[in-house]
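J.: With the input below, show me the fold.
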Amino acid sequence: MKRTLHQTALLVGLFMMAAFVAPSSAYADRVRWTVQAVSAYGAGSIAWDLEARVATMTYGEMRLKAFAAGELAKPEDTFRAVSIGAVAAAVLPLGLLPFEVVVPPDVADDPIDFFQWLAGEGLDRIRSLAGPKDIHIMTCGFKPGVDLTPSFLLVHLPKYRLLEQAQVAVLEAACDAITLDRLGGIGRRSD
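T.: Next up is the predicted model:
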C-alpha cells in the first residue's frame with residue numbers, strides 16, 4: 001500500500017506524540033520550566049503564546065510558566081540568567097542578545113528573505129556568536145511593527161539536553177508556529 005507524504009507525516013506526528021505522552025523518565029514525566037519575557041510587546045506576548053501552545057500540544061504534560069519582564073531577571077541580565085540556569089528559558093528579541101548580529105544587506109529589507117536567511121545560516125551565525133555558553137537558541141516569532149525584530153527562545157542547555165526528542169520537537173514546532181502565524185499577514189515588498 002502506497003502512503004502519501006501527508007499520511008506519512010501524520011503517522012510520524014502521531015508516533016512522536018505517543019512517544020512524548022508515554023513518559024520514560026522521572027524528569028520527562030512532567031517538564032515544568034520558567035520562561036522569562038523581556039517586554040510587554042513582541043517577545044513578551046511570545047512567551048505567553050509559547051506557554052499556551054506547549055501545554056495544548058502536549059495535553060499538559062509539558063508546562064512552561066511565562067513571567068513578565070523583570071520578574072525573574074532584568075531584561076539586560078536575562079541572557080546570563082539562562083546561561084547559568086537561574087532561568088530555564090527566555091524569549092529575547094534580537095536587540096537584547098549580548099552580541100551584534102550583522103544581517104546581510106541583501107536580505108535586511110525584505111521580511112520573507114530575512115526570515116529565510118534566519119532559518120538557515122543566520123541562526124547558525126547567532127548560535128556561533130553566543131559562544132560556548134550553556135544556551136540553546138531557536139527562532140521564536142518576532143516583534144510586530146515596521147522593523148520586524150526577530151525573537152529567540154533561549155533554553156538552558158543542560159535542561160534542553162534532558163528533553164526527549166519528542167519534547168524538543170514540540171518546542172521547535174511551537175516556535176515555528178508562532179513565527180509563521182506572525183508572518184502570515186506579511187507579503188513581499190514590491191520595489
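
J.: what's the weakest-modelled helix or strand in the protein?
T.: For the chain, using mean pLDDT, DSSP states H and E, the weakest element among its helices and strands is helix 5-21, scoring a mean of 37.

J.: same question for stretch 38-56, mean pLDDT?
T.: The pLDDT scores in stretch 38-56 average 82.

J.: Contacts made by it with the rest, please.
T.: For stretch 38-56, the external contacting residues (Cβ atoms under 8 Å, 6 or more residues apart in numbering) are 35-37, 62-69, 75, 78, 90-93, 96, 140-145, 149, 151, 153, 170-171, 174-175, 177-178. Where you see a C-beta, it was placed from the backbone N, CA and C, and this is true even at glycine.

J.: So what does Ile84 look like in phi/psi?
T.: phi -100, psi 0 (degrees, to the nearest 10).

J.: If you could redo that for Ala68, that was the one I meant.
T.: Taking degrees, to the nearest 10 as the convention, Ala68 sits at phi -70, psi 160.

J.: Wait, it touches Ala37, no?
T.: Yes. Look at Ala68 against Ala37 with Cβ atoms under 8 Å: they come within range, at 5.7 Å.

J.: Specify which residue of those two has the higher count of neighbours.
T.: Each of Ala68 and Ala37 had its neighbours counted (other Cβ atoms under 10 Å), and the higher figure belongs to Ala37 (28 against 14).

J.: Show the contacting residues for that one.
T.: Neighbouring residues of Ala37 by Cβ under 8 Å, 6+ apart: Ala43, Gly44, Ser45, Ile46, Ala47, Trp48, Ala66, Phe67, Ala68, Ala69, Ala90, Val91.
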